[in-house]
Each structure stands twice: as C-alpha cells, then as structure tokens.
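Novice: Build me a structure from this.
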Amino acid sequence: MRINKTKQTRNALRKIRKHAKIKIKIEINKSFLYHIY
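Specialist: Down below sits the predicted model:
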C-alpha cells in the first residue's frame, strides 16, 4: 500500500506541476499581450 500511495502522490504532484507550468505560461503570454497593446 505504501508503494502505491507514493506512486499516486508522485503522479498527482507531476500533474499539479504540469498544470502550474501551463498556468505560468498563460500568465506570461497574457502579460506580453498587455505590454504589446
């Protein structure tokens, strides 16, 4: 059970990191667009 739990938490952290990276990219793109206009 412990191994499964660690795997699940690792996968969850990876998903969160991916989403965070995408959100950061979107925010950066938004800021660039605001600077252009």
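Novice: mind listing the strands for this structure?
Specialist: With DSSP state E as the criterion, the chain has no strands.
Novice: Give me the buried positions along stretch 13-27.
Specialist: Residues of stretch 13-27 classed as buried by neighbour count (16 or more other CB atoms under 10 Å): none. Bear in mind the C-beta positions are built from the backbone N, C-alpha and C, glycine included.
Novice: So for that stretch, mean pLDDT?
Specialist: Averaged over stretch 13-27, pLDDT sits at 92.
Novice: and it, C-alpha only, in CSV?
Specialist: Provided in CSV are the C-alpha atoms of stretch 13-27 (Å, rounded to 0.1, in the frame of the first residue of the first chain):
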residue,chain,number,x,y,z
LEU,A,13,2.5,16.2,-7.9
ARG,A,14,3.5,15.8,-11.6
LYS,A,15,0.0,16.7,-12.8
ILE,A,16,0.0,19.7,-10.5
ARG,A,17,3.4,20.8,-11.7
LYS,A,18,2.3,20.4,-15.3
HIS,A,19,-0.9,22.5,-14.7
ALA,A,20,1.2,25.1,-12.8
LYS,A,21,3.6,25.3,-15.7
ILE,A,22,0.8,25.7,-18.2
LYS,A,23,-0.8,28.4,-16.0
ILE,A,24,2.5,30.2,-15.7
LYS,A,25,2.9,30.1,-19.5
ILE,A,26,-0.6,31.5,-20.0
GLU,A,27,0.1,34.3,-17.4
